[in-house]
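> Sequence unavailable; structure follows:
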């Protein structure tokens, strides 16, 4: 195993000031190919579909309808080999640099934008999906398994937006059958795009406003995302994430064994 990729002090300072960071290399080339094979196999087999762990993030997730933004939650539970490799060493080291000694790598998910039809992921803050009883100092690491471009759906961020509170959100298209969220009333005029080579990575805070566009290219856009954080703290007054309470999704029904 090689020495881990190490972030420069100015990169750590940039993340803490701006709420995001982009680096050109986190996952070695041979591991990109290995993870891409696992990725394609899991999506092709519809892994996790019956338990609500694979679903269309941007649609109503009906059977027989092609998903425009399929997602798999916890893919390493289905393919434990994802927990091996140099990139995991690199990831763990970078997380401690950004979050301190308590920073630890957590769960993972995969989001797929099929060529030409992959839907956008609207502007949102990750924490808007989470337990409203807690405050978090967490981040997501977004790793493309092919070149990520503006045309195929690279990440965009609003610098400094991690200092804001959680904005109101709603299900995409105001349809409670859709799991994905989009923010209301946020200023995204200063947004910055972050194209990446295969195996590069972006890091973003759980309150940072971010977005990926539709895939208008002729290649599939594959993104592998890993979460990390320090222990959450209980809030004296919980948030009111009403947008999650009113959801009635097919994914949640399958997860509860109702569908």
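Sure, I can see it. These numbers come from a predicted model, not from an experiment.
> residues near residue 55, how many?
Using other Cβ atoms under 10 Å, residue 55 has 25 neighbouring residues. Every residue, glycine included, has its C-beta placed from N, CA and C.
> repeat for residue 82
Neighbours around residue 82, by other Cβ under 10 Å: 22.
> Phi, psi for the residue nearest to it when sequence neighbours are not counted please.
In this structure, residue 82 finds its nearest non-sequential neighbour in residue 76, 4.2 Å apart by Cβ to Cβ, 6 or more residues apart in numbering. The phi/psi pair for residue 76 (degrees, to the nearest 10) reads phi -70, psi -20.
> quick one: contacts for residue 76?
Counting by Cβ atoms under 8 Å, 6 or more residues apart in numbering, residue 76 makes contact with 82, 83, 107, 108.
> and if you look at residue 198?
Contacts of residue 198 by Cβ under 8 Å, 6+ apart are 27, 29, 32, 144, 145, 146, 147.
> Quick check, residue 229 in contact with residue 139.
Yes. Using Cβ atoms under 8 Å, residue 229 is in contact with residue 139, at 6.7 Å.
> where do the contact lists of these two overlap?
Contacts common to residue 229 and residue 139, judged by Cβ under 8 Å, 6+ apart, are 99, 206.
> Show me which of the two is the more surrounded one.
More neighbours surround residue 139 than the other of residue 229 and residue 139, with 29 against 19 (other Cβ under 10 Å).
> which stretches of this protein form helices?
All helices of the chain, identified by DSSP state H, fall at 9-18, 29-44, 75-78, 86-99, 242-245, 250-255.
> And those helices: which comes nearest residue 224?
Closest approach to residue 224 among these (Cβ to Cβ): helix 29-44, 6.1 Å.
> can you tell me the average pLDDT over that closest one?
Across helix 29-44, the average pLDDT comes to 98.
> got a list of contacts for it?
Helix 29-44 is contacted by residues 27, 47-48, 54, 70, 72, 75, 78-79, 81-82, 85-87, 110, 112, 145-146, 198-199, 222, 224 when judged by Cβ under 8 Å, 6+ apart.
> what angle separates that helix from helix 86-99?
100 degrees (axes from the mean of the first three to the mean of the last three Cα atoms, to 10 degrees).
> Mind listing what's buried along helix 29-44?
Residues 31, 32, 34, 35, 36, 38, 39, 42, 43 are the ones in helix 29-44 that count as buried (16 or more other Cβ atoms under 10 Å).
> same thing with stretch 122-135?
Of the residues in stretch 122-135, 122, 123, 124, 125, 126, 127, 128, 130, 132, 135 count as buried by neighbour count, 16+ other Cβ under 10 Å.
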